[in-house]
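In: whatever this is, show me its structure:
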Amino acid sequence: MRTLFTNSLKTTLLMALLAIAGGASAANDSPVGAWKTIDDATGKPKSIVRITDNGGVLEGKIEKLFRAPEENQNPTCDKCTGASKDQPIIGLTILTGLKKDGKEWNGGEITDPATGKVYKSKAELTEGGAKLQVRGYVGVPMFGRSQTWVREE
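Out: Here you go, the predicted model:
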């Protein structure tokens, strides 16, 4: 009887651990969450962007900026156009319209707050969901640049 109880307890614990591990893995199958953006020119962190899923369409807002003490800590997007013009960069939606397409998310746009330019975009998870390759481009993806974002959660 004791062996049956011990085996049952072991099985229950193993199933619980597998469920927890499976849940963590599933969370890394999606870009939803917080990401540290890394400047592709300097290799230094630039911001934290929170990506959310709105009915199967991804959107990303800047939550935090990493700026030197002498820099303006709450800059506005003075080079942006439309509704984003002169809006605070913290809280600015910079990533819109990405939809799942196989192992990538495509069909979106990304705004560069430094220039105000809007580019087509796509994204792909790498390293088991720990990193996100984000590409902004004009026309076709080969005419663009990529950044690697690092998962914060």
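In: C-alpha only now, for contacts and for neighbours.
Out: Will do.
In: can you show me the helices along this protein?
Out: For the chain, helices defined by DSSP state H occupy the ranges 2-27.
In: now do the strands in it.
Out: With strands called from DSSP state E, the chain shows them at 33-38, 45-54, 57-65, 93-101, 104-112, 117-126, 131-137, 144-151.
In: quickly run through the sheet partners of the last one, with directions.
Out: Using DSSP bridges, the strands paired with strand 144-151 are strand 33-38 (antiparallel), strand 131-137 (antiparallel).
In: so which of those strands is nearest residue 151?
Out: With C-alpha to C-alpha as the measure, strand 33-38 is the member of the strands paired with strand 144-151 nearest residue 151 (4.6 Å).
In: let's have the strands paired with strand 144-151 in CSV, adding distance to residue 63.
Out: CSV is the format used below for the strands paired with strand 144-151 (distance: least, C-alpha to C-alpha, whole Å):
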stretch, distance to residue 63
strand 33-38, 9
strand 131-137, 17
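In: can you tell which of the strands of the chain is closest to residue 73?
Out: strand 57-65 (7.6 Å).
In: centre of the chain versus that closest one, how much separation?
Out: Here strand 57-65 is found 7 Å from its chain centre; the criterion is C-alpha atoms, centre = their mean, to the nearest Å.
In: next: stretch 118-129.
Out: How far stretch 118-129 lies from its chain's middle: 8 Å, per C-alpha atoms, centre = their mean.
In: how about that stretch: buried residues?
Out: 118, 119, 120, 121, 122, 123, 124, 125, 126, 129 (16 or more other C-alpha atoms under 10 Å).
In: what do you get for stretch 47-64?
Out: By 16+ other C-alpha under 10 Å, the buried positions in stretch 47-64 come out as 47-53, 57-64.
In: just name the shakiest helix or strand of the chain by mean pLDDT.
Out: Least confident helix or strand, the chain: helix 2-27 with a mean of 40, by mean pLDDT, DSSP states H and E.
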